[in-house]
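Peer 1: Just to be clear, the model below is a prediction. Sequence and coordinates:
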Amino acid sequence: MSSKVDGSDWEERKVAIYGNSNDEEVYYSCQPTGTGKKIYGIWKDQHFGEQHSLLTDAFQKLNTFASEGPQTQSHSAVQKEWRTLLCLKVLCVLTAAGIIALSICYLLLSLENNKMNNSYNQLQTKLSVMMVNNSRLEDEIKQLRDENEVVTIDHRRLQDDMKNLKIKTDNKKCRNGWMRFGCSCYLKSTFTTSWDKSRSDCQNKGSDLVIIDDEEEQGFITKLNQNGESWIGLEVGWSTQKEKYDWKWVDGSQLTEIFEKKEKIEFTDYNTAVYLNAEGKWKSLPKTRHKTFICEI
């Protein structure tokens with residue numbers, strides 16, 4: 001038989017209980033409670049005696065099992081489920097930590113790899129530049145060797161020319177009255193005349209007015225002049241190189257910059273030439289003025 005007590009379903013069943021002498025019928029019912037099911041026993045005989053007491057203990061035990069057993073089993077299942085969830089959470093945390101650690105390691109390795117690639121590229125660039133510079137230096141060295149060979153050949157040629165010139169100079173004798181300096185012979189006139197006539201006289205002797213090339217020759221001409229004033233072979237003429245009138249020697253060469261800065265001679269007339277004064281200084285005068293002169297051959 002089924003019914004409801006306090007809104008809960010319960011069921012009544014008939015069971016056989018065996019006592020000492022006579023069998024008695026008893027009914028029990030199971031009613032849900034807040035923690036499980038509670039068993040109620042109902043007997044037909046109110047004077048059951050000792051069997052009544054035993055049944056009461058049995059029903060109490062059954063009630064205890066009905067109320068506590070499922071709760072204990074449910075609590076154990078919850079604990080087991082909680083432990084499982086905790087293990088899963090720990091495993092997830094450890095997995096996430098491992099993934100993060102691996103990601104960080106990968107990122108660091110990627111950065112280090114990029115740095116190494118950049119360093120490698122820079123080294124490759126430097127190596128390429130060094131190879132280009134090395135090739136250029138090799139070309140320059142080769143060029144310098146070629147130039148050195150040319151200079152060596154020219155030096156030997158100059159040495160041979162100097163030897164030949166020395167032989168010719170040693171065999172060459174200056175005319176009477178002429179003085180020798182280096183490879184040339186010089187003659188200072190004993191009379192005065194204009195610049196144009198001075199040059200004509202030198203040319204008649206197979207020479208020309210003196211051309212001063214360096215300081216040593218300048219010193220020699222100053223001594224030869226012996227405190228006099230003598231025409232030299234420097235005049236004002238048209239310079240094709242400068243495209244204007246300027247100082248030039250009788251052989252057509254330009255006045256060197258060294259002498260030009262040192263002497264600082266100027267001209268106001270195209271018919272102007274240079275003479276050497278008593279102190280060895282260069283001075284300009286019109287060509288019509290009379291001076292002694294120095295020839296060179």
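Peer 2: Noted; the coordinates are in hand.

Peer 1: Going by C-alpha atoms from here, please, whenever you check contacts or count neighbours.
Peer 2: Noted.

Peer 1: If you tally nearby residues, what's the number for Val210?
Peer 2: 26 (other Cα atoms under 10 Å).

Peer 1: My understanding was that it contacts Gly233; is that so?
Peer 2: Yes: contact between Val210 and Gly233 holds when scored by Cα atoms under 8 Å: they sit 5.2 Å apart.

Peer 1: how about the helices of the stretch 101-250 of the chain, start to end?
Peer 2: Using DSSP state H, counting those that start in this stretch, the helices of the stretch 101-250 of the chain run over residues 195-204, 215-225.

Peer 1: show me where pLDDT drops low in this protein?
Peer 2: By pLDDT under 70, the weakly predicted segments of the chain are 1-74, 163, 166-172, 257-258, 260-263.

Peer 1: Residue ranges of each domain in it, please.
Peer 2: 2-78, 179-296 (automatic domain parsing).

Peer 1: closest one to Arg145 among the helices of the stretch 101-250 of the chain?
Peer 2: Distance to Arg145, taken as Cα to Cα, is lowest for helix 215-225 among those, at 34.7 Å.

Peer 1: Buried residues, that closest one. List them.
Peer 2: Neighbour-count burial for helix 215-225 flags Gln218, Ile221, Thr222, Leu224, Asn225 (criterion: 16 or more other Cα atoms under 10 Å).

Peer 1: same deal with stretch 187-201?
Peer 2: For stretch 187-201, by 16+ other Cα under 10 Å, it's Leu187, Lys188, Ser189, Thr192, Thr193, Ser194, Trp195, Ser198, Arg199, Asp201.

Peer 1: Quick check: the farthest pair among the residues you listed?
Peer 2: Most distant of these, by Cα to Cα, are Leu187 and Ser194, 16.8 Å apart.

Peer 1: Would you format the helices of the stretch 101-250 of the chain as CSV with distance to Lys287 included?
Peer 2: Listed next are those as CSV, based on distance: least, Cα to Cα, whole Å:
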stretch, distance to Lys287
helix 195-204, 5
helix 215-225, 19
